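Q: Sequence first, then the predicted structure, then my questions.
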Amino acid sequence: RLTLGVGLGSPADTEYERFGEEGDIKIRAAKLDEGLDVLTGLWTGKTFSYRGDHFRVDEARFLPSPVQSPRIPIWVGATWPNKAPLRRAARWDGVYPIYWEGSVNAMSPAILKTIIEYIGEYREGGQAFDAVAGGADTDGDRSKLEDSAMAYAEAGATWYAAPIGPQVGNIDEAKAWIQEGPPKA
C-alpha cells in the first residue's frame, strides 16, 4: 500500500530559489493544490485535460492507473497553528501535523485533538480520515511509548510515528522495535 505525503516544505527563505523554484508560500500552495488536481486526474487512467493558473494538461492518459481505489491516499503535512494546510488536508485523506516550540516538535494529544476537530469542520462526505501523531521521545522505554501512543489514539490519531533516534543504539535494536510491532493497550 502506498500513501502519498505532500506539503509546502520549510518556510521560504532561499531553499526553493536555489533550485529555481518558487519561494512565495502562497504561490507554492496554489501550485500544490493544482498539482494534486492534475495528479488525481491522471490517476484515473482516463484521458485527462486541465487548465489552471500554473499547470496545463492536454488530453493526457497515465497508465497503468493505481490499483488502490478510489486512488492512492494523500496525506498533507501541516504546521500548527497554520490553518490553510489543515483545510487542504480536509480535502484529502489525512494529515501529518507538526507543532514547533523552538526547535522541538511539541505536538501534544490536546493540540492534536484541536487540529482534528478543526479539520472535521471542513470535511465532506464522511470518508475515513487519518491523523498521524509524531511521537514524543520516550528514551527507548517501550512502556512510555505505549502510554504515549494510547494518549494520541484517544485524541483521534489513527497512526503513531514512534521516534527511533539516539536511544536506539544500532540497527539491530531498531529492527527489534519494528518487529515488536505497534504498541498494544
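A: That came through, no problem.
Q: So what's the gap between the longest helix along the chain and the chain middle?
A: Assignment by DSSP state H gives helix 25-42 as the longest helix of the chain. Its chain's C-alpha centre and that of helix 25-42 lie 15 Å apart, by C-alpha atoms, centre = their mean, to the nearest Å.
Q: what do you get for stretch 73-93?
A: Remark: stretch 73-93 is offset 7 Å from the chain centroid, using C-alpha atoms, centre = their mean.
Q: Helices of this protein, start to end?
A: 25-42, 84-90, 109-120, 142-155, 171-180.
Q: Listing request: residues of this protein with sub-threshold pLDDT.
A: The model of the chain has pLDDT under 70 over residues 11-14, 135-142, 163-170, 182-185.
Q: Identify the bridge partners of the closest residue to residue 152 other than its chain neighbours.
A: Using C-beta to C-beta, 6 or more residues apart in numbering and skipping the chain neighbours, the partner closest in space to residue 152 is residue 133 (3.6 Å). Any C-beta I mention is one placed from the backbone N, CA and C, and that applies to glycine too. Note on residue 133: beta-bridge partners residue 160, judged by DSSP bridges.
Q: how much space between residue 133 and residue 83?
A: As judged by C-beta to C-beta, to the nearest Å, residue 133 and residue 83 stand 19 Å apart.
Q: Looking at those two now, which is surrounded by more residues?
A: Per other C-beta atoms under 10 Å, whichever of residue 133 and residue 83 has more neighbours is residue 133, with 26 against 13.
Q: What's the local residue count around residue 31?
A: 18.
Q: wait, doesn't it sit right on residue 54?
A: Yes. Using C-beta atoms under 8 Å, residue 31 and residue 54 qualify as a contacting pair, with a distance of 4.8 Å.
Q: winner for burial among the helices of the chain?
A: Neighbour counts (mean count of other C-beta atoms under 10 Å) averaged over each of these peak at helix 84-90, with a mean of 20.
Q: Which strands and helices lie in contact with that helix?
A: helix 25-42, strand 74-79, strand 94-98, helix 109-120 (3 or more C-beta pairs under 8 Å, 6 or more residues apart in numbering; DSSP states H and E).
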